[in-house]
Each structure stands twice: as C-alpha cells, then as structure tokens.
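Chemist: Below are the sequence and a predicted model; questions follow.
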Amino acid sequence: MSDQEPEEIAVPIVWVGVDDLPVLAVNQMVIQHTARDEFILSFGALTPPVVLGDEEQRREQLKRMTFVSVKPVARLGFNRNRMQELIRILQENLANHDQTFELEGPE
C-alpha cells in the first residue's frame, strides 16, 4: 500500500433532459426558513381575476373578493451554502445580462 494520496478522477457532469422541461412563468415568490440550515423557495403564478363592467361595477366585484389565488409552480429547498451559491450565480447572471444588453441597473 502506498503512502501517497490516491489520484483524483474527474467525471464530467452533463445536464440531460433539461430541454424537455417546460419553462413556466412566475410572478410571485416566497422564501421560508424552516430550520437553522434550510431555505424553502416557493414560486407561483398569479393571474389577475376577470373583472367586467363599468368602473363602479368593477369596484364592487373587487370589494367582494376575499383573495386572489396563486398557482404554485415549484418549491425548492436549499441549505445555507447552496443558497449563497444561488445568490452569487443570480448576481453574476444579472450583471452579465445587463452588460450584454447595456442596461444600467433597475428601472
């Protein structure tokens, strides 16, 4: 037996089937902290309700509504390290996007 460290073997990671998944639009997000090292990100889509009639009729319809539902699209769990990685990746991608399309921060 050798005293040397075993040689590392690199195995490539390939995303398979990602193009088969639908791209779902979301416009609502919630983050929950469920444990010391756990974040749950919930993504959903809110579709505004149909409200018809003149302005007074629309106002009355809206007053009678008790809520507008959000259709859940995905829930993802992250530990703290993965959450930090996600934040870094999102920031880098936003900066790359803005540089590519010559945007200067939030509108």
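Modeler: Yep, it's here.
Chemist: List the buried residues for the lengthiest helix in the chain?
Modeler: Once the chain is assigned using DSSP state H, the helix that runs over the most residues is helix 80-100. Buried positions in helix 80-100, judged by neighbour count with 16 or more other CB atoms under 10 Å: Met83. All C-beta spots, glycine's among them, are computed from the backbone N, C-alpha and C.
Chemist: got the CA positions of it in CSV?
Modeler: What follows is helix 80-100 as a C-alpha-only set of coordinates in CSV (Å, rounded to 0.1, in the frame of the first residue of the first chain):
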residue,chain,number,x,y,z
ARG,A,80,-27.3,27.8,3.5
ASN,A,81,-24.3,27.1,1.3
ARG,A,82,-26.4,26.4,-1.7
MET,A,83,-28.5,29.5,-1.0
GLN,A,84,-25.3,31.6,-1.0
GLU,A,85,-24.2,29.9,-4.3
LEU,A,86,-27.7,30.7,-5.8
ILE,A,87,-27.4,34.3,-4.8
ARG,A,88,-23.9,34.6,-6.3
ILE,A,89,-25.0,32.9,-9.5
LEU,A,90,-28.1,35.2,-9.8
GLN,A,91,-26.0,38.3,-9.2
GLU,A,92,-23.4,37.3,-11.8
ASN,A,93,-26.0,36.4,-14.4
LEU,A,94,-27.9,39.7,-13.8
ALA,A,95,-24.6,41.6,-14.3
ASN,A,96,-23.8,39.6,-17.5
HIS,A,97,-27.3,40.2,-18.8
ASP,A,98,-27.1,43.9,-18.1
GLN,A,99,-23.7,44.2,-19.7
THR,A,100,-24.8,42.2,-22.8
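Chemist: Quick one: mean pLDDT for that helix?
Modeler: Along helix 80-100, the predicted confidence averages to a pLDDT of 96.
Chemist: in what helix or strand does Arg31 lie?
Modeler: Actually, residue 31 is Ile. It isn't Arg. Under the criterion of DSSP states H and E, Ile31 resides in strand 28-35.
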